[in-house]
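Peer 1: Okay, structure incoming, though there's no sequence with it:
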């Protein structure tokens, strides 16, 4: 498997763990270090293994069922670091929030002895399709 | 100057160009490549030098005056690639949108023969201080 394929696979495992609400699988995707970072849509940045895992635990506890799949995936390698950029297609099937939404995901993976591990996740909601483009005054 | 200081300096030049609405200065911050990426808050991802620069041109044209300064800056080096994570403190002084807002910025810089150049910018708005934490159901 090429490095790019391995990074793609690590990224798929991330979205599978998210879809499955599987905290152990999510933990296995990330690098266990105090300097990892995670930015959920609209949340302040979280730093370090403990806070990042705690956030996933809370999210998983509060999500009945959903499916999150990566679209338009692009990978770029910079030595031991790789970025994966993708559109997250979020299909909520809870009674409270039906429907489809989209987020832009920036995921960074680091090559380690145990494979490519996520070190940063930054996701932010995208405008709903068909809505007017947001005003350009806020960059 | 250490690599970390040089990355910090490149990041400062980015926010200075943004504050000054200076397209030439902004162009000098970025790497001129088709694979660079930029995600403005709420915008779909932009790819490549042309589209990224065109977006800054439009933003600068539609912004009368503002100040964007990076807070809580952290830098991490991975060989030739570095991340800068920061809170963007956005002070709008246009009549249409007074006040202060905050965004989370993820900036990636690549070491090149002409110094550290931005290759990715992902910014997303943060909740206003004092507002309740967003629901955790959308990760």
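Peer 2: Arrived safely. The structure displayed is predicted, hence computed values, not measured ones.

Peer 1: what's the spacing between the residue in chain A that chain B sits nearest to and residue B:47?
Peer 2: Among the residues of chain A, residue A:124 lies nearest to chain B; the distance is 3.3 Å by C-beta to the nearest C-beta. For the C-beta atoms, the positions are set from N, CA and C on the backbone; glycine is no exception. From residue A:124 across to residue B:47, the span is 17 Å (C-beta to C-beta, to the nearest Å).

Peer 1: Over to residue A:106?
Peer 2: To residue B:47, residue A:106 is 13 Å away according to C-beta to C-beta.

Peer 1: what do you get for residue A:16?
Peer 2: Distance from residue A:16 to residue B:47, counting by C-beta to C-beta: 26 Å.

Peer 1: swap in residue A:48?
Peer 2: Distance from residue A:48 to residue B:47, by C-beta to C-beta: 31 Å.

Peer 1: chain center to the top helix by length along chain A, what's the gap?
Peer 2: In chain A, with assignment by DSSP state H, the single longest helix is helix A:3-20. Centroid separation between helix A:3-20 and its chain, computed with C-alpha atoms, centre = their mean, to the nearest Å, is 10 Å.

Peer 1: Now name the helix or strand holding residue A:26.
Peer 2: helix A:23-29 (DSSP states H and E).

Peer 1: what bridges to the spatially most central residue of chain A?
Peer 2: Nearest to the mean C-alpha position of chain A, by C-alpha atoms, centre = their mean, lies residue A:121 at 5.2 Å. On the basis of DSSP bridges, residue A:121 is bridged to residue A:38, residue A:107.

Peer 1: check contacts around it.
Peer 2: Neighbour list for residue A:121: A:14, A:37, A:38, A:39, A:105, A:106, A:107, A:108 [criterion: C-beta atoms under 8 Å, 6 or more residues apart in numbering or on different chains].

Peer 1: Distance check, the closest residue to residue A:85 other than its chain neighbours against residue A:60.
Peer 2: Leaving aside its sequence neighbours, residue A:85 sits nearest to residue A:74 (C-beta to C-beta, 6 or more residues apart in numbering or on different chains; 5.1 Å). Noted for residue A:74: a distance of 27 Å to residue A:60, by C-beta to C-beta.

Peer 1: Which of those two has more residues huddled nearby?
Peer 2: Taking neighbours as other C-beta atoms under 10 Å in any protein chain shown, residue A:74 and residue A:60 compare with residue A:60 leading, 17 against 13.

Peer 1: Thought residue A:81 was touching residue A:107, still the case?
Peer 2: No: using C-beta atoms under 8 Å, residue A:107 is not in contact with residue A:81; the gap is 11.2 Å.

Peer 1: just to revisit the earlier point, can you list the buried residues in the longest helix of chain A?
Peer 2: A:6, A:7, A:8, A:10, A:11, A:13, A:14, A:15, A:17, A:18, A:19 (16 or more other C-beta atoms under 10 Å in any protein chain shown).

Peer 1: For whatever helix or strand residue A:69 lives in, give the mean pLDDT please.
Peer 2: Assigned by DSSP H and E, residue A:69 belongs to strand A:66-78. Mean pLDDT, computed over strand A:66-78, is 96.

Peer 1: which residue sits closest to residue A:11, ignoring its sequence neighbours?
Peer 2: residue A:84 (4.5 Å).

Peer 1: now that neighbour, which residues is it bridged with?
Peer 2: Going by DSSP bridges, residue A:84 forms beta bridges with residue A:75, residue A:107.

Peer 1: State the number of residues packed around it.
Peer 2: Residue A:84 - counted by other C-beta under 10 Å - has 24 other residues nearby.

Peer 1: Nothing else from me, thank you.
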